[in-house]
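# This is the structure alone, sequence omitted:
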């Protein structure tokens, strides 16, 4: 089972290593991790996507809550949140294929942000599934490089995770 | 103007710290210089690990956080085993380490070690102080975190320049405000009521008591609850001492090395009330089997422990003190059904047995069993790790004193330094160490601390020339191949005692050992008794 945890932490040195250390130490695997400051400059938000059964997730939430600079841990409910990843893909692209690749990007609502004689760079911001789909579509042209952020996620509607 | 080092001393004074255990070095020198003028007593240890164990023994007997101090690099890394032990055993501790100058951090200079990084898995929290102005807040928070919620060690790493910089003035904060740390100690009233209803409708209830009962300071009320309800009690190793050993409803320690009768009660109970215990693998080897036919109520201050090892029907997060007070108030006149009481009494009689005695040797279990009778009721017995720990856990007849050992981490060499801490915390109580010849040699350097401070600690060495517990494992699981478990080249312990100026004797029979101990246990001087133990004496 894949789950998404939203963790509010005090914005201080060493917090990220405490959190990531806790995951590895207790044998929990992280699929993705993203961190950034919130509307409060003293509070950061870490979004973790990980895999495990119900026991593992519950243990993880409890262990995270024990870390002193952790303010709040919330498991986002399936289907009740918006999630996004940002990806930059450098694709091999001779002039003959350019139109095709631009068309693909358009269909997926991705942007071409850089063009060179033999390649283009595509920027895409979507949920992990659609990001993976775009990668699959571009693979046949030859992917030279991928840079991808971790997932960030926010509750739908009025629900929120705040201090 | 006031320096960081002076602030550190003032913070300790403001926390009411009377004694610290440590070992100096270059980067902690500014602090040591100011400590020289303070009324705080400093105990110079012989190795930093033992400073942490002393702080642990002190904390467990005084109820206040123990403080240990070391310098940067090797001083700090030597502390780690002691810190990890305190963490596993939930003992409140503040460890202070010197660190290289802030501008040199990360350059791998002489005696630099990333100690906050290294200790990360073993501390409740840690600080690497970056501003002298932060020191009062950091100390206040560290003592608060160490001694509240589930207790544990907190590390403060302080670069040398932070200790030297002078700032305008010093005020110690009255309170702390840590946004992410608000332990729930109250205990949910609805859950407590649910628990009580379940207890009242149970036929064969059983209490499993752990170290949480002792560290919350609720022992008298806990005993009152057990007395009133007649619910039988078993304990984990960390929980030994929650009830007097001879209490009719107390069945001893559970687990792989515990009492048969305790395990049998756990097996037959229809309701188990777990009080301040985490039920690790040595306590309950197959937790999933336990919960199949048994209802479990789990009371613990650490929500992460509930449901971790044993499936729980009624979780109660809170301090044992608050929860026990509520339960005592609301239990009414419930008493355990007679049949279960009778069963427990019968079992307790059935399982009494006397171990065989070998000519020319001390029977360690018998000696430990008789030891309590020679001591005052509040005596503190400190056991090390190995067979000696099990002999003590199962045979010492505790009354109103303490049994100290490391049940969580199982660190050999714990007993002697922990006893030093215990004696400083409770100078008027009898403090006795029981260790093996293996564990004795892991911390015998602290005999200097004992002798130097004239501490009336009595050390009983159970000498079998073996690492007995590992050897037992080898007998059972490794086809009796005794790889590296024979202690060759042991020194003459009597001569070691002599060298430290500590009175000593050797015994080769229980009568002899008891006669010697009778004469010395209450004296105001240290004593070492070397007992020759039959090499194949089993743990149980």
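Yep, it's here. Just so you know, these numbers come straight off a predicted model, no measurement behind them.
# Tell me how many other residues surround residue 68.
By default, I'm working from chain A. By the criterion of other CB atoms under 10 Å in any protein chain shown, residue A:68 has 21 neighbours. Heads up, the C-betas are built off the backbone N, CA and C, glycines and all.
# wrong one, I was asking about chain B
There are 32 residues near residue B:68, going by other CB under 10 Å.
# Repeat that for residue B:265.
Applying other CB under 10 Å, I find that residue B:265 has 26 neighbouring residues.
# Please tell me I have it right and it contacts residue B:233.
No. Between residue B:265 and residue B:233 there is no contact under CB atoms under 8 Å: 9.3 Å.
# Need the residues touching each of these two.
Taking CB atoms under 8 Å, 6 or more residues apart in numbering or on different chains as the contact rule, residue B:265 and residue B:233 both touch B:206, B:251.
# what's the lengthiest strand in chain A packed up against?
In chain A, taking DSSP state E as the definition, the longest strand is strand A:81-92. Applying 3 or more CB pairs under 8 Å, 6 or more residues apart in numbering or on different chains; DSSP states H and E, we find strand A:81-92 packed against strand A:119-126, helix A:128-138, strand A:143-148, strand A:152-155.
# So residue B:171 lies in a helix, does it not?
No. Under DSSP: H, G, I helix; E, B strand; the rest coil, residue B:171 sits outside any helix and is assigned coil.
# So for the closest residue to chain A within the stretch 1-150 of chain B, what's the nearest residue that isn't a sequence neighbour?
Nearest to chain A, among the residues of the stretch 1-150 of chain B, is residue B:125, at 4.3 Å (CB to the nearest CB). Counting by CB to CB, 6 or more residues apart in numbering or on different chains, residue A:68 is the residue found nearest to residue B:125 once chain neighbours are left out, at 4.3 Å.
# Please name the residues that touch that neighbour.
Neighbour list for residue A:68: B:124-125, B:145, B:178, B:180-181 [criterion: CB under 8 Å, 6+ apart].
# Dump these into TSV; add pLDDT and neighbour count as well.
Shown next, in TSV, are the contacts of residue A:68 (pLDDT from 0 to 100; neighbours: other CB atoms under 10 Å in any protein chain shown):
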residue	pLDDT	neighbour count
B:124	97	24
B:125	97	23
B:145	98	26
B:178	95	15
B:180	92	19
B:181	95	21
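# residues from chain B in reach of chain A?
Proximity of chain B to chain A (CB under 8 Å from any CB of the partner chain) is limited to residues B:116-117, B:120-121, B:124-125, B:128, B:145, B:178-181, B:302-304, B:307-308.
# try it again with 6 Å
B:120-121, B:125, B:179-181, B:303-304 (CB under 6 Å from any CB of the partner chain).
# Okay, domains of the chain per the record?
In the absence of a named chain, chain A is used. When chain A is parsed with automatic domain parsing, its domains come out as A:2-76, A:82-152.
# My question was about chain B, not that one.
B:2-167, B:189-350, B:364-532.
# rank those domains by pLDDT, which is bottom?
The stretch with the lowest mean pLDDT among the domains of chain B is domain B:189-350, at a mean of 93.
# my guess is residue B:533 meets residue B:460, correct?
No. In this structure residue B:533 lies outside contact range of residue B:460 using CB atoms under 6 Å: 10.5 Å.
# ok, which stretches of the stretch 401-540 of chain B are strands?
Taking DSSP state E, counting those that start in this stretch as the criterion, the stretch 401-540 of chain B contains strands spanning B:402-404, B:431-436, B:457-463, B:503-507, B:527-532.
# For those strands, give me a markdown table that also has mean neighbour count.
Listed next are those as a markdown table, based on neighbours: other CB atoms under 10 Å in any protein chain shown:
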| stretch | mean neighbour count |
| --- | --- |
| strand B:402-404 | 25 |
| strand B:431-436 | 30 |
| strand B:457-463 | 27 |
| strand B:503-507 | 18 |
| strand B:527-532 | 24 |
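# how about the residues of chain A that lie near chain B?
A:21, A:25, A:62-63, A:66, A:68-71.
# Residues in a beta bridge with the residue lying closest to residue B:464 once chain neighbours are set aside, which ones?
Leaving aside its chain neighbours, residue B:464 sits nearest to residue B:533 (4.3 Å; criterion: CB to CB, 6+ apart). Residue B:533 forms beta bridges with residue B:362, as assigned by DSSP bridges.
# and the residue of chain B nearest chain A?
Counting by CB to the nearest CB, chain B gets nearest chain A through residue B:304, at 3.7 Å.
# dump the residue contacts of that residue.
A:62-63, A:66 (CB atoms under 6 Å, 6 or more residues apart in numbering or on different chains).
# if you set the cut-off to 10 Å instead, what comes out?
Neighbour list for residue B:304: A:58-66, B:150, B:278, B:317 [criterion: CB atoms under 10 Å, 6 or more residues apart in numbering or on different chains].
# Got a PyMOL select line for the buried ones in the residues you listed?
Typed into PyMOL, the line below selects the buried ones among the contacts of residue B:304, using 16 or more other CB atoms under 10 Å in any protein chain shown:
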select buried, (chain A and resi 59+60+61+62+63+64+65+66) or (chain B and resi 150+278+317)
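# Which one of the contacts of residue B:304 is nearest to residue A:159?
residue A:61 (17.3 Å; CB to CB).
# who's the nearest residue to that closest one once chain neighbours are set aside bridged to?
Nearest residue to residue A:61, sequence neighbours excluded (CB to CB, 6+ apart): residue A:73, at 5.1 Å. Beta-bridge partners for residue A:73, by DSSP bridges, are residue A:7.
# Just give me the neighbour total for residue A:73.
Residue A:73 has 21 nearby residues by other CB under 10 Å.
# rewinding a little: joint contacts of residue B:533 and residue B:460?
Listed as contacting both residue B:533 and residue B:460 by CB under 10 Å, 6+ apart are B:362, B:364, B:367, B:388.
# tell me which of the residues you listed is nearest to residue B:284?
Of these, the one sitting nearest to residue B:284 (CB to CB) turns out to be residue B:388, at 23.3 Å.
# Hmm, that closest one is touching residue B:461, no?
Yes. Using CB atoms under 10 Å, residue B:388 is in contact with residue B:461, at 8.8 Å.
# Let me see the contact set for residue 149.
All of this is about chain A. Per CB under 10 Å, 6+ apart, neighbours of residue A:149: A:32-34, A:36, A:84-88, A:125, A:131.
# wrong one, chain B
Contacts of residue B:149 by CB under 10 Å, 6+ apart are A:66, A:68, B:90, B:124, B:181-185, B:301-302, B:319.
# hang on, it in a strand?
No. According to three-state DSSP, the state of residue B:149 is coil, so it is not within a strand.
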